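> Okay, predicted coordinates and the sequence, questions at the end:
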Amino acid sequence: MDDHKGRIAAPLLLTRGLTIAAASMLALSLPGPFAMADDGDTTVGDCAGQQSYICVDAKDPGTDNASGTQASDGGGKAKKKPSAVKCSVKKLDPQPPAENLGWEGHKPGDGAVYARTCTGGGTLSSGVFWSKQPPAANAVNPAVLARQAVDKMKLAGPDIGIVPKPGSQGLVGLPVWMWTEKTPEAYGPNTATATAGAVTVSATAKVSQIVWDMGDGDTVTCTTAGTPYKSSYGKRRSPDCGYLYQHSSKDEPGQKYTVTATSTWTIDWKGAGQSGQLTETRQSQTQVTIGQLKVLN
């Protein structure tokens, strides 16, 4: 690892589950005074990686993506965010003696030894490391800024259009048309940026598919926004997003089918020489009434 990144002194690195008492013992075990200077310190985000002395992690709402965004759990409920872990990095003052392992084989005057403490989520970790250069004041993970950009987008579920319209009645065996309005919030593309210090990340989100749960046990997956219905289309089927009910809704609550549209947002981001992709889901609902076609003799 290059000198500008800083390295952890492995023998002195403690785990995140270290108790405060054990952290105090670490300070006492170092040769000579072990004090943190008041100047030159930085407080940033999660240092879970334990590979660099300053790092920022995102707040995860329960998906495998780091996130500060309220993601859906598939049932329309936002998932709970765990508390963020924060780390502080400070230059030791005075610096430890030359024989201290924190120098990692370097001599006093060649760079400096720093202490790092991470707290959050009811745990604490601590360690010391040597670095040729002082830690950067704001080493930002671009993935975190990507999530901040997503927060600005106000992504929503589909802006549902459906025929038969709510309040009217369709018939078994006649085509149902489904679509969403192509607004930035409901379908995309939606673009936003987020900046921290000299780092700017831009993100672009668009819906890659919509899964329509028709309320009768069937689903329809549409990879387009769907085609808005016009009266001139008559009883034709939708060319890209439609359905045929096989049974009336008379036995459903309120004698209506509840239709749930779940959109999958694909979000591409780039910045600071990095790039990545995130995924979000959003839902909307409506209801339709389906009657049985009666044949007169």
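Cool, the structure landed. Residues are numbered from 1 along each chain as shown.
> Tell me the pLDDT of Asp159.
With respect to pLDDT, Asp159 has a value of 97.
> What about it, how many residues nearby?
17 (other CB atoms under 10 Å). Glycine gets a C-beta too; all of them are placed from N, C-alpha and C.
> so what's it up against?
180-181, 183, 185-187, 284 (CB atoms under 8 Å, 6 or more residues apart in numbering).
> Going by neighbour count, which of these are buried?
180, 186-187, 284 (16 or more other CB atoms under 10 Å).
> Tell me which two in those residues are the farthest apart.
The largest separation in the buried ones among the contacts of Asp159, counting by CB to CB, is between Tyr187 and Ser284 at 11.4 Å.
> got any residues that touch both of these two?
Counting by CB under 8 Å, 6+ apart, the contacts common to Tyr187 and Ser284 are 158-159, 263.
> give me the low-pLDDT residue ranges for the stretch 51-200 of the chain?
Low-confidence segments of the stretch 51-200 of the chain, defined by pLDDT under 70, span residues 51-87, 119-125, 135-139.
> Helices along that one, start to end?
For the stretch 51-200 of the chain, the helices defined by DSSP state H, counting those that start in this stretch cover 142-153.
> so the closest residue to Trp179 other than its chain neighbours, which of the three states?
Taking CB to CB, 6 or more residues apart in numbering, and ignoring the residues beside it in sequence, Trp179 has Gly226 as its nearest neighbour in space, at 2.9 Å. For Gly226, the assignment made with DSSP: H, G, I helix; E, B strand; the rest coil gives coil.
> can you pull the pLDDT of Gly226?
For Gly226, the pLDDT comes out at 97.
> Distance check, it against Glu280.
Distance, Gly226 to Glu280, by CB to CB, to the nearest Å: 20 Å.
> So for the two, which sits in the more crowded spot?
Set side by side, Gly226 and Glu280 show more neighbours around Gly226, with 27 against 22, by other CB under 10 Å.
> list the contacts for the more buried one?
161, 177-180, 210, 238, 240-241 are the contacts of Gly226 under CB under 8 Å, 6+ apart.
> Tabulate the residues you listed (TSV), appending distance to Ser248.
Formatted as TSV, the contacts of Gly226 follow (distance: CB to CB, whole Å):
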residue	distance to Ser248
Gly161	22
Trp177	19
Met178	19
Trp179	23
Thr180	26
Ile210	25
Ser238	21
Asp240	26
Cys241	22
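> In strands, which of the residues you listed fall?
With DSSP state E as the criterion, strands contain 161, 177-180, 210 from among those.
> so which two of these are the farthest from each other?
Going by CB to CB, the pair spanning those furthest: Trp177 and Ile210, at 13.3 Å.
> list residues touching both of those two?
226, 241.
> re earlier: out of the ones in strands among the contacts of Gly226, the closest to Ser88 would be?
Nearest to Ser88 among these, counting by CB to CB, is Ile210 at 45.1 Å.
> Settle this for me: that closest one is touching Thr262, isn't it.
Yes: at 6.8 Å, Ile210 counts as touching Thr262 under the criterion of CB atoms under 8 Å.
> which one of those two has more residues nearby?
Taking other CB under 10 Å, Ile210 and Thr262 do not tie; Ile210 has more neighbours (27 against 21).
> For the more buried one, give me its contacts.
Ile210 makes contact with 158, 180, 221-222, 225-226, 241, 261-264, according to CB under 8 Å, 6+ apart.
> Using CSV, please lay out the residues you listed together with distance to Gly102.
Below are the contacts of Ile210 laid out as CSV (distance: CB to CB, whole Å):
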residue, distance to Gly102
Pro158, 56
Thr180, 58
Thr221, 57
Cys222, 59
Ala225, 59
Gly226, 62
Cys241, 63
Ala261, 57
Thr262, 52
Ser263, 52
Thr264, 48
